[in-house]
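In: Got a sequence here, can you build the structure:
(chains A and B)
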Amino acid sequence: MDLLTVLQVLDSTVRLATPLLLACLAGMFSERAGIFDIGLEGKMLAAAFFSAAIAAVTGSVWIGLGAGILASLSLSGLHGLASITFRGNQLISGVAINFLAAGLTVLIAQSWFQQGGRTPALLSGGRFGPITLPGAEALREVPVLGPIYYELISGHSILVYVAFACVPLTWWILYRTRFGLRLRAVGENPEAVDTAGISVIRLRYAAVLICGLLCGIAGAYLATALQAGFVQDMTAGRGYIALAALIFAKWRPLQALYATLLFGFLQAIALRYQNLDLGFFTLPVQAMDALPYILTVVILAGFIGKAVPPRAGGEPYVKER
Amino acid sequence: MERMPKWADVVLIPLISLLLAAVISGLVILAIGEDPINALNLMVKGALGSTYGWGYTLYYATNFLFTGLAVAVAFHARLFNIGGEGQAMLGGLGVALVCLYLPWPHWSLALIAASVGAALFGAAWAFLPAILQARRGSHIVITTIMFNFIAAAFLNWLLVGPLKPRGAMDPSTARFPEAVHLPSLHEILAPLGISFSKAAPANVSFLVGILACILVWVLIWRTRLGYEIRAFGHSEPAARYAGISPTKITVITMLISGGLAGMMAINNVMGEAERLVLNATEGAGFIGIAVALMGRSHPFGVFLAAILFGFLYQGGAELALWTNIPRELIIVIQALVILFTGALDNMVRMPLERLFMALRRRRA
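Out: Prediction:
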């Protein structure tokens, strides 16, 4: 394998890791506040559809992004209503949201566009195009570093850079701000937060809405940057892989970056080499598909370090009277 | 003191939730420019208007009976088995191996062996998540989700590789031999002088499903194990204090649950397709969640809910045939049922409880 092939695989790793990273950070805000969210998949799917649909109609990808985020936020609101206000089962609410998005997106797509549950292909104005970073063309001829800068770092859409910028931002919010401290506290011991006179309900709603915002960006990226339009079930389990990455990262931002890059790399390999010839035996593509899930089960089993979720996760908070 | 009478909890709340789901589905149909009343008419006529429609309704209902019971049994131990889909896929593998590689003189013997094979494979797929939950505290919801994906990848590999007959084009196993053909409802009812559609796939496994309902009822409410499962579900510390081993109950409950989900394969794989195809489960494992929630985890409730979802499935297929409403409408209805009977349960319950308390106070 020459340098160019390696760079192409890594480049596609970055593209494929981006939606996983955004969804993983989204799940982190929610779960760190004690609200389990297996509805990441559905929120991404809804955002993917609405961003592509609105971008196709208006011709503006930015309005599309806004619509995608709004769609994701409303599903977040529903999750909050069910799991915070009505103290329902958070897992069941997540399952319902996934199905709601899977069904409604096709229903609405068929009603609006009559193209068998997809949106029209997006033209250039309706998509996030690649951004060439300053100096990329000039440095292209520099050996080794030039191609790395040109192929790998430059030439992604704006949302990729947003996603990567979200990693330090999330770290800073969670570990260096008062809001982050309270958010983590509410996921571990909501009684203590309540005793300090801070609203558990409001904090958890804030966390759930941040989760919706990030899922919205992730979904919009899928439909308007990675691909040119929405197709049925286009998230294809990415929400669950992001959930796996979140556990893999043990609910920490920097590790989430590593985990999603690893899973993105596996997807990139599976995309490029259908069956990977390792010399002594051939690894079928299905093994590559299953690997993120197998790795997550191994991590969950605690054989390679133990993944301990936030302590109050999944439990609705009932205020003492 | 009970906040409201038992009948309200068992009958009224599911009915109100169902009504809410139906009203919102109607609004969705209106919003996409179709007529909800006409849609309902078409669904009823298509699913219940002929023995052909009934044959499909009962066929789908059989799938949901098994997956619904699977989720319900786990609910009794307060375990959320979201892995019915993967367990049913593996059940299909068990059925296929029994039917393809063993010679069978008669379908009845084959059905018994296939049921055992399906249950064993389904249970085996639930075993690892169960033991990891019991011993290492790994969250069973996450592990069973992961096992769904692993099962899909595994079957995908088997069906494009080792199990595909030489020279075949589509990813599936060879056709099962004629001897393991299960009698359809047409063949069962014809000797009794009742005419039933020949083309519909409902078959003898519907009766097995009803038998499974009865057995699950006996297990949960009439055996020591069932008592232990319910005790564990109500309060783990209390169960442990009473000498019930959490590990044992978690593992056994999940094995039963996985086995039931796996047994769905005698209907869709052995009864209908008569070979194992890619994605044979078609989401029935997930519908089991809606069915169990709707049926309040009681076998009789599960039975009614399974019939209801069978109706929705067949009716939805008819709708897609005659109108512009895609089949995905059923997924929306399924989501709404899960939402209202599961997650938003308190939204329906709290006002009702207040109402009943007010009524009681007035009477007193």
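
In: Kindly report the residues of the stretch 101-250 of chain A close to chain B.
Out: Residues of the stretch 101-250 of chain A lying near chain B by C-beta under 8 Å from any C-beta of the partner chain: A:102-104, A:106-108, A:110-111, A:117, A:237, A:240, A:243-244, A:247. C-betas here are computed from N, CA, C, even on glycine.

In: Please identify which helix or strand holds the nearest residue to residue B:297 once chain neighbours are set aside.
Out: Distances taken as C-beta to C-beta, 6 or more residues apart in numbering or on different chains place residue B:72 nearest to residue B:297, at 4.1 Å, with adjacent residues excluded. Secondary structure from DSSP states H and E places residue B:72 in helix B:51-76.

In: Repeat that for residue A:172.
Out: helix A:158-176.

In: which stretches of chain A form helices?
Out: Per DSSP state H, chain A carries helices over the ranges A:3-32, A:40-58, A:61-80, A:90-113, A:136-139, A:145-147, A:158-176, A:178-188, A:190-195, A:200-221, A:238-248, A:253-272, A:285-301.

In: now the ones you listed as JSON lines including mean neighbour count, distance to residue B:171 and mean pLDDT?
Out: Listed next are these as JSON lines, based on neighbours: other C-beta atoms under 10 Å in any protein chain shown; distance: least, C-beta to C-beta, whole Å; pLDDT from 0 to 100:
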{"stretch": "helix A:3-32", "mean neighbour count": "23", "distance to residue B:171": "25", "mean pLDDT": "92"}
{"stretch": "helix A:40-58", "mean neighbour count": "30", "distance to residue B:171": "25", "mean pLDDT": "95"}
{"stretch": "helix A:61-80", "mean neighbour count": "23", "distance to residue B:171": "34", "mean pLDDT": "96"}
{"stretch": "helix A:90-113", "mean neighbour count": "25", "distance to residue B:171": "23", "mean pLDDT": "92"}
{"stretch": "helix A:136-139", "mean neighbour count": "14", "distance to residue B:171": "44", "mean pLDDT": "76"}
{"stretch": "helix A:145-147", "mean neighbour count": "14", "distance to residue B:171": "40", "mean pLDDT": "78"}
{"stretch": "helix A:158-176", "mean neighbour count": "17", "distance to residue B:171": "35", "mean pLDDT": "95"}
{"stretch": "helix A:178-188", "mean neighbour count": "19", "distance to residue B:171": "44", "mean pLDDT": "94"}
{"stretch": "helix A:190-195", "mean neighbour count": "17", "distance to residue B:171": "49", "mean pLDDT": "91"}
{"stretch": "helix A:200-221", "mean neighbour count": "26", "distance to residue B:171": "30", "mean pLDDT": "96"}
{"stretch": "helix A:238-248", "mean neighbour count": "28", "distance to residue B:171": "23", "mean pLDDT": "89"}
{"stretch": "helix A:253-272", "mean neighbour count": "20", "distance to residue B:171": "18", "mean pLDDT": "90"}
{"stretch": "helix A:285-301", "mean neighbour count": "21", "distance to residue B:171": "11", "mean pLDDT": "84"}
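
In: Of all the residues in the helix or strand following the helix holding residue B:72, which ones are buried?
Out: Heading C-terminal from helix B:51-76, the first helix or strand you meet, by DSSP H and E, is helix B:84-101. If you call a residue buried by 16 or more other C-beta atoms under 10 Å in any protein chain shown, then helix B:84-101 has these buried ones: B:84-100.

In: Over to stretch B:16-35?
Out: Under the neighbour-count criterion of 16+ other C-beta under 10 Å, stretch B:16-35 has B:16, B:17, B:18, B:20, B:21, B:22, B:24, B:25, B:28, B:29, B:32, B:34 buried.

In: Next: stretch B:176-195.
Out: Under 16+ other C-beta under 10 Å, the buried positions of stretch B:176-195 are B:176, B:180, B:181, B:182, B:184, B:185, B:186, B:188.

In: Tell me who's in contact with residue 153.
Out: If you meant another chain, say so; for now it's chain A. Residue A:153 makes contact with A:133, A:136 under the criterion C-beta atoms under 8 Å, 6 or more residues apart in numbering or on different chains.

In: Let me rephrase: I mean chain B.
Out: Contacts of residue B:153 by C-beta under 8 Å, 6+ apart are A:286, A:287, A:289, A:290, A:293.

In: With distance to chain B added, can I get the residues you listed in a markdown table?
Out: Compiled in a markdown table, those are given as follows (distance: C-beta to the nearest C-beta, whole Å):
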| residue | distance to chain B |
| --- | --- |
| A:286 | 4 |
| A:287 | 7 |
| A:289 | 5 |
| A:290 | 4 |
| A:293 | 4 |
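
In: Stretch B:250-268 and chain A, are they touching?
Out: No - Stretch B:250-268 is not in contact with chain A by C-beta under 8 Å from any C-beta; minimum separation 14.7 Å.

In: Check the offset of that stretch from the chain's centre.
Out: Computed by C-alpha atoms, centre = their mean, to the nearest Å, the chain-centroid distance of stretch B:250-268 equals 10 Å.

In: I'm done for today, thanks for sticking with me.
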